[in-house]
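Peer 1: Need a 3D model of the sequence below.
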Amino acid sequence: MTALTVKDLLEAKGKRQLAYVQVAREEEAIAASEAGMDMIGTAFIPERAHFAKAVPNTHFQFGMPWGKHADATEVLRDAMTAMRGGAQSVYCGMSPHIVELLAREGVPVISHVGLVPPKATWTGGFRAVGRTLAQAKTVWQHVQDFEAAGAFAVEMEVVAANLATEITNRTSMLTISLGSGSGCDAQYLFSVDLLGENRGHIPRHAKTYRNFAAERDRLQVERVAAYKEYIADITSGVFPDAEHVVNIDDDALQDVWKD
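Peer 2: Numbers count the residues shown, from 1 in each chain. Take a look at the predicted model:
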């Protein structure tokens with residue numbers, strides 16, 4: 001399998017839905033790539049900078065965390081570093097002005113409309129966006145603004161599904177659905193939700209395919225049990241045993257003490 005380029009992604013628009021996952025660990029990225037995921041993304045932070053090179057056969061996106069960058073120069077510097085680090089595109093949740101700057105330099109940008117978590121106060125908190133006429137018009141305007149700025153894709157987060165479908169049909173950008181229905185060009189989930197690592201609230205838009213939280217709980221019980229056995233072996237003198245050590249020859253040992 002060869003990594004999909006931005007050109008490939010855009011050519012898939014309207015032909016098939018793409019699968020896209022957000023990961024937080026290298027092993028998740030590798031597993032997603034082995035599974036045949038079309039797109040993999042993660043936040044561009046130092047401890048994840050090597051992820052892209054671990055999955056060269058999958059389109060990899062580094063996200064520019066909202067709030068990290070004070071100005072356009074800072075985000076451009078990080079975006080360029082991300083591209084040199086193996087990314088084929090970057091996510092940027094900032095304004096069309098910043099997206100335009102990145103696009104002018106040839107950086108493929110995924111923009112973001114609808115529920116943008118750090119900006120949720122503007123849309124009434126963590127809830128669906130685009131269910132009223134005013135909100136729908138605003139979402140559509142934002143999409144057009146990002147398209148004009150040069151973004152090649154737009155993440156639509158928890159946007160009314162029928163609105164997202166109509167927008168998909170009216171924009172040249174690749175549309176990515178996070179809780180915005182099946183009418184978009186790509187479906188997007190966070191690995192933590194997909195694998196069932198969360199405890200408590202699970203987003204309505206997420207589908208859980210495994211119960212890793214329960215497995216982690218089981219492993220924690222096993223850790224405690226193993227540590228207890230280790231302590232008991234030390235206390236009873238069972239550990240270390242002959243198989244765990246090496247010895248010097250007895251004659252040589254006696255010679256150590258000779259002057």
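
Peer 1: For the rest of this, base every contact and every neighbour count on C-alpha atoms.
Peer 2: Fine.

Peer 1: now the helices: where do they sit in the stretch 1-150 of the chain?
Peer 2: 6-11, 26-35, 51-54, 72-84, 96-104, 133-149 (DSSP state H, counting those that start in this stretch).

Peer 1: Mind listing what's buried along the second one?
Peer 2: Taking 16 or more other Cα atoms under 10 Å as the neighbour-count basis, helix 26-35 is seen to contain the buried residues 26, 28, 29, 30, 32, 33.

Peer 1: buried sites along stretch 49-61?
Peer 2: With burial defined by 16+ other Cα under 10 Å, the residues of stretch 49-61 counted as buried are 49, 50, 51, 52, 55, 56, 57, 58, 59, 60, 61.

Peer 1: okay, now the domains of the protein?
Peer 2: Following automatic domain parsing, the chain resolves into domains at 6-210, 215-256.

Peer 1: ranking those domains by burial, who's on top?
Peer 2: Burial of the domains of the chain is given as mean neighbour count (mean count of other Cα atoms under 10 Å); domain 6-210 ranks first at a mean of 19.

Peer 1: tell me how far the ends of it are from each other?
Peer 2: With Cα to Cα, to the nearest Å applied, domain 6-210 spans 31 Å between its terminal residues.

Peer 1: now do stretch 171-180
Peer 2: Using Cα to Cα, the two ends of stretch 171-180 sit 16 Å apart.

Peer 1: Repeat that for stretch 233-253.
Peer 2: By Cα to Cα, the extent of stretch 233-253 from end to end equals 28 Å.

Peer 1: And the contacts of it?
Peer 2: With contacts defined as Cα atoms under 8 Å, 6 or more residues apart in numbering, stretch 233-253 is touched by residue 230.

Peer 1: run the last query once more with 7 Å
Peer 2: Residues outside stretch 233-253 that contact it (Cα atoms under 7 Å, 6 or more residues apart in numbering): none are found.

Peer 1: roughly how far out does it sit from the chain middle?
Peer 2: Distance of stretch 233-253 from the chain centroid (Cα atoms, centre = their mean, to the nearest Å) equals 48 Å.

Peer 1: before we move on, what about stretch 119-129?
Peer 2: Here stretch 119-129 shows a centroid-to-chain-centroid distance of 21 Å under the convention Cα atoms, centre = their mean.

Peer 1: Run through who's touching that stretch.
Peer 2: In contact with stretch 119-129 (Cα under 7 Å, 6+ apart) are residues 114, 115, 135, 158, 159, 160.
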